[in-house]
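K.L.:
Mind folding the following:
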Amino acid sequence: MLSKIEFKKRRDFGQIINDTFTFIRQNFKSLMTTYFIFCGLFVLGGMLSMLLQQYKTVNMFNNMDINSGTRNISFIDRFGFEYILAIIFSLASYASTVVAVLSYIAVYVQKGNQVATTDEVWGYFKYYFLKVFGSSLLLSLLVGVGLLFCLIPGLWLLPFVSVIFPIMIMENGSLGYSFNRSFKLVKDNFWLTFGTLIIVYIIVYACMTVVVLPTTLLSMIGLFSHKRPEMSLIFTMLSTVLQYLCQVFTIIPMVTVALIYFNLLEEKENTGLMERISNFGNTEKPMDTRPEEY
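P.N.:
As a prediction, the model looks like this:
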């Protein structure tokens, strides 16, 4: 039986990836419960908003007269309030996932690698949600502007921005403090952090694609199998539902980011090593005895 994951230790690239999935497997039931309790409402709200928007879009597209000028539809008519509401719920869903997963890990670490309860996670969640939600808006704008400028600046910011939220929750830091500390932790380990995040996001995207691709292909086939282009309402709705259900995969990069944060912390401050030395001989706390990389 695998020993429970110890976050406060140094890891190389392979260990971070491997321990991400090991931790999720060991805490699968508790993590899923935490996710659906704290994030389910926002996911459901975003799903319903997007379903309404897609319903309107499909009917508008199928009823358009190709030979007339009805394709010149305003932005408000094409998207409307439902689309704006879906964006707000999506941002809230992302923020809630960040807070729920990182709060779970924070409690897990504090309890000596023990499962966190819903009440314990709630104590963190109600304190950090609005803080993370507001910060995520500002950071999204920052990365978005970076991506507009030849893509490179936005990708360069990715490791630094990703580590901000673990700092904010694990160290109870403000946005300014977390931003500055993130740069200090990441600057000497940029490529390890960047490469790990890219690989994990590729894995997450692949998982989402496998789930959503069949309905997307069927929808595209239906679109061009008629004499005139016609969208399938059923497949469009089903694809939307699956896309929102696939947001559960965002748990994976959140666990990875937490492991990266503790790895960087060990590289700079050796807090976990000093803690294990001080607890040497104490058999009450289970320890991960796998060798560290120095």
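
K.L.:
SS state for S3?
P.N.:
coil (DSSP: H, G, I helix; E, B strand; the rest coil).

K.L.:
With S93 as the reference, measure out to it.
P.N.:
33 Å (CB to CB, to the nearest Å). Where you see a C-beta, it was placed from the backbone N, CA and C, and this is true even at glycine.

K.L.:
Counting neighbours, go ahead and name the busier of these two.
P.N.:
For the pair S3 and S93, the greater number of neighbours falls to S93 (22 against 13), based on other CB atoms under 10 Å.

K.L.:
so what's that one scoring on pLDDT?
P.N.:
You'll see S93 listed with a pLDDT of 93.

K.L.:
Identify each buried residue in the helix or strand encompassing it, please.
P.N.:
Assigned by DSSP states H and E, S93 belongs to helix 80-110. Along helix 80-110, these residues count as buried under the neighbour rule (16 or more other CB atoms under 10 Å): 82-83, 85-86, 89-109.

K.L.:
Next up, the contacts around V43.
P.N.:
89, 93, 244-245, 247 (CB atoms under 8 Å, 6 or more residues apart in numbering).

K.L.:
Quick check: the farthest pair among those?
P.N.:
Greatest spacing in these, by CB to CB: F89 and L245 (14.2 Å).

K.L.:
residues near V186, how many?
P.N.:
V186: 21 surrounding residues under other CB under 10 Å.

K.L.:
you'd agree it is up against F160?
P.N.:
Yes - at 5.4 Å, V186 and F160 qualify as touching, with contact defined as CB atoms under 8 Å.

K.L.:
Output the below-cut-off pLDDT ranges for the chain.
P.N.:
Where the chain drops to pLDDT under 70, the residues are 1-2, 62, 64-80, 150-151, 222-231, 270-294.

K.L.:
Contact partners for the residue nearest the centre of it?
P.N.:
The chain has T250 as the residue nearest its centroid, 3.7 Å off, counting by CA atoms, centre = their mean. Neighbour list for T250: 94, 97, 204 [criterion: CB under 8 Å, 6+ apart].

K.L.:
State the three-state secondary structure for it.
P.N.:
At T250 the chain is in helix, as set by three-state DSSP.

K.L.:
before we move on, what about N172?
P.N.:
Following three-state DSSP, the label given to N172 is coil.

K.L.:
Over to G112?
P.N.:
Applying three-state DSSP: G112 is coil.

K.L.:
ok, now how distant is it from I5?
P.N.:
G112 sits at a distance of 12 Å from I5 (criterion: CB to CB).

K.L.:
what sits in contact with each of the two?
P.N.:
Taking CB under 8 Å, 6+ apart as the criterion, G112 and I5 do not both touch any residue.

K.L.:
Of the two, give the one with the bigger neighbour count.
P.N.:
It is I5, of G112 and I5, that has more neighbours when counted by other CB under 10 Å, with 23 against 14.

K.L.:
Can you tell me the closest non-neighbouring residue to that one?
P.N.:
Leaving out its chain neighbours, the residue that sits closest to I5 by CB to CB, 6 or more residues apart in numbering is F23, at 4.5 Å.

K.L.:
same for whatever helix or strand the one you found lives in, what does it pack against?
P.N.:
With secondary structure defined by DSSP H and E, F23 is part of helix 13-26. For helix 13-26, the packing partners by 3 or more CB pairs under 8 Å, 6 or more residues apart in numbering; DSSP states H and E come out as helix 190-224, helix 251-269.

K.L.:
Many thanks, we can stop here.
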